[in-house]
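J.: Task: produce atomic coordinates for the following.
(one chain, ligands or ions: 3)
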Amino acid sequence: MPSLSEAYRTHPVHVQHKHPDLNSLQELPESYTWTHTNLDDDHTSNNCGESVPVIDLNDPNASKMIGHACKTWGVYQVVNHSIPMKLLHDIQRVGETLFSLPSHQKHKAARSPDGVSGYGLARISCFFPKLMWSEGFTIIGSPLDHFRQLWPQEYHKYCDIVTQYDETMKKLARKLMWLTLDSLGITKEELKWFGSKTCAALQLNSYPTCPDPDRAMGLAAHTDSTLLTILHQNNISGLQVHRKGAGWVTVQPISGGLVVNVGDLLHILSNGSYPSVLHRVMVNRVQQRLSVAYLCGPPPNVEICPHPKLVGPNQPPLYRAVTWNEYLGAKAKHFNKALSTVRLISGLFDVNNNTEQVG
Ligand SMILES: C=C1C[C@]23C[C@@]1(O)CC[C@H]2[C@@]12CCC[C@@](C)(C(=O)O1)[C@H]2[C@@H]3C(=O)O
Ligand SMILES: O=C(O)CCC(=O)C(=O)O
Ligand SMILES: [Fe+2]
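T.: Ligands and ions are numbered 1, 2, ... in the order given. Predicted coordinates:
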């Protein structure tokens with residue numbers, strides 16, 4: 001199967017500054033200081049008490065509830081998802097251990113500009129004049145080579161956890177995709193590629209404590225280039241989603257809950273009816289925040305387009321067909337404007353200019 005790394009071979013992303021060890025800094029350096037103009041919005045959320053829907057996967061109405069959450073929020077939290085708590089703890093421990101290694105050790109497993117896996121700053125950093133207060137580690141395929149660099153003795157133990165997490169999440173992602181398709185009135189048989197292998201990336205994120213959190217940004221506002229992203233966060237809040245009319249809403253961590261984001265490819269597949277959610281991460285002075293994102297997409301070279309069942313005389317297709325590889329290339333080049341580059345009929349707003357979704 002062609003791999004996702006093709007996308008960055010044609011669009012290398014140069015963000016590999018050797019950044020300082022964030023844990024050692026007593027003051028926020030100028031290069032990490034976001035002003036109101038580059039903080040696309042102020043830090044306060046104006047959410048009128050609204051909160052992201054929580055859906056119990058054992059509920060017989062789960063599919064309907066997922067459909068409603070995707071349409072109105074583009075994000076929800078799931079409980080009773082059957083991922084063992086131990087596995088969630090184990091993967092979080094991998095992140096904790098990895099990010100607490102000395103800088104020079106982590107840099108041995110650095111992501112190359114035209115590569116996809118490894119340690120580094122957020123890929124989207126190159127679109128901003130200021131640096132983000134976070135570090136990440138991306139895994140696509142086997143982490144063996146990189147983990148061997150990080151833990152010459154114990155890499156097996158960590159590789160096993162990643163493999164188990166990947167396999168378990170794959171099943172959950174399929175179930176969620178199936179429920180989502182069902183909510184759109186689409187059966188598995190009506191989506192040809194659904195039977196074949198989906199593809200995914202695992203992203204470990206760390207947001208160290210910050211000496212001046214109100215002027216820093218953990219991860220700048222973006223949408224994910226996925227069908228779905230399943231996010232496990234530790235019990236420290238910081239993730240915010242943007243909701244029309246409400247502004248930035250904090251996604252409160254719930255024990256054992258997983259956050260599910262609608263990504264750009266589901267936005268396209270649903271012909272704009274399930275908009276991908278704009279989200280960002282704020283940091284704090286007191287506790288390190290960790291998260292693990294399972295970024296799920298179709299096989300990399302399968303074309304995704306608005307499903308024929310969602311297209312008709314009164315519902316023209318809003319997007320052209322695009323493969324995941326091609327879309328990741330567009331994201332690497334155009335960032336939050338990527339969705340507009342595949343749009344057939346122009347939208348009213350653009351994510352970058354108005355923090356408002358196209359669709
Ligand atoms: C498959 C992918 C989605 C992603 C880019 C990547 O190749 C692997 C990392 C993913 C991630 C995680 C943090 C936010 C994000 C925008 C980024 O910079 O890297 C996403 C990318 C994405 O969804 O576009
Ligand atoms: O850390 C988080 O809560 C969000 C991470 C994220 O948005 C991502 O990895 O795409
Ligand atoms: Fe994200």
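
J.: doesn't residue 340 fall inside a strand?
T.: No - read with DSSP: H, G, I helix; E, B strand; the rest coil, residue 340 is helix and lies in no strand.

J.: burial measure for it, as a count.
T.: Applying other C-beta atoms under 10 Å, we find 17 residues neighbouring residue 340. The C-beta positions use only the backbone N, C-alpha and C, and glycine is treated the same way.

J.: and the helix or strand containing residue 231 with ligand 2, contact?
T.: Element membership of residue 231, judged by DSSP states H and E, is strand 228-233. Yes - contact between strand 228-233 and ligand 2, assessed by C-beta under 6 Å from any ligand atom, occurs at 229, 231, 233.

J.: ok, whichever residue of the stretch 101-250 of the chain sits closest to ligand 2 to residue 137 distance?
T.: Residue nearest to ligand 2 within the stretch 101-250 of the chain (C-beta to the nearest ligand atom): residue 239, separated by 3.6 Å. Residue 239 sits 18 Å away from residue 137, going by C-beta to C-beta, to the nearest Å.

J.: for residue 193, same thing?
T.: Distance from residue 193 to residue 137, by C-beta to C-beta: 28 Å.

J.: higher neighbour count, these two?
T.: When neighbours are counted by other C-beta under 10 Å, residue 193 and residue 137 differ, and residue 137 comes out ahead with 26 against 13.

J.: That one - that's part of a strand, no?
T.: Yes - using three-state DSSP, the secondary structure at residue 137 is a strand.

J.: What residue, apart from its backbone neighbours, is nearest it spatially?
T.: residue 204 (4.4 Å; C-beta to C-beta, 6 or more residues apart in numbering).

J.: Next, count neighbours for the one you found.
T.: 23.

J.: Pretty sure it sits against residue 289.
T.: No - using C-beta atoms under 8 Å, residue 204 is not in contact with residue 289; the gap is 12.0 Å.

J.: need the contact list for the residue nearest the centre of the chain.
T.: Nearest to the geometric centre of the chain sits residue 224, at 4.7 Å (C-alpha atoms, centre = their mean). Residues near residue 224 by C-beta atoms under 8 Å, 6 or more residues apart in numbering: 261, 263, 264, 276, 293, 295.

J.: All the helices of the stretch 251-359 of the chain, residue numbers only.
T.: 264-269, 324-334, 338-341, 351-354 (DSSP state H, counting those that start in this stretch).

J.: what bits of the stretch 201-350 of the chain have low per-residue confidence?
T.: 347-350 (pLDDT under 70).

J.: Do a quick rundown of the strands in it.
T.: 219-222, 228-233, 239-243, 247-250, 258-262, 279-281, 289-297 (DSSP state E, counting those that start in this stretch).

J.: Do a quick rundown of the helices in the stretch 51-200 of the chain.
T.: Under DSSP H, counting those that start in this stretch, the stretch 51-200 of the chain gives helices at 62-72, 85-99, 103-107, 144-150, 155-183.

J.: With mean pLDDT as added columns, please give these in a markdown table.
T.: Formatted as a markdown table, the helices of the stretch 51-200 of the chain follow (pLDDT from 0 to 100):
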| stretch | mean pLDDT |
| --- | --- |
| helix 62-72 | 98 |
| helix 85-99 | 98 |
| helix 103-107 | 93 |
| helix 144-150 | 95 |
| helix 155-183 | 97 |
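
J.: picking that back up, out of the residues of strand 228-233 next to ligand 2, which is most surrounded?
T.: Going by other C-beta under 10 Å, residue 229 tops the residues of strand 228-233 next to ligand 2 with 27 neighbours.

J.: contacting residues for it?
T.: 260, 261, 263, 293, 294, 295, 296.

J.: For beta bridges, what are the partners of the fifth one?
T.: Which is residue 294. residue 202, residue 230 (DSSP bridges).

J.: Then the first one?
T.: With beta bridges defined as DSSP bridges, residue 260 has these partners: residue 76, residue 230.

J.: That one and residue 193, how far apart?
T.: Counting by C-beta to C-beta, the gap from residue 260 to residue 193 is 20 Å.

J.: do residue 327 as well
T.: Note on residue 327: its distance to residue 193, by C-beta to C-beta, is 15 Å.

J.: And for residue 149?
T.: Taking C-beta to C-beta, one finds residue 149 at 35 Å from residue 193.

J.: Repeat that for residue 264.
T.: For residue 264, the distance to residue 193 - C-beta to C-beta - is 17 Å.
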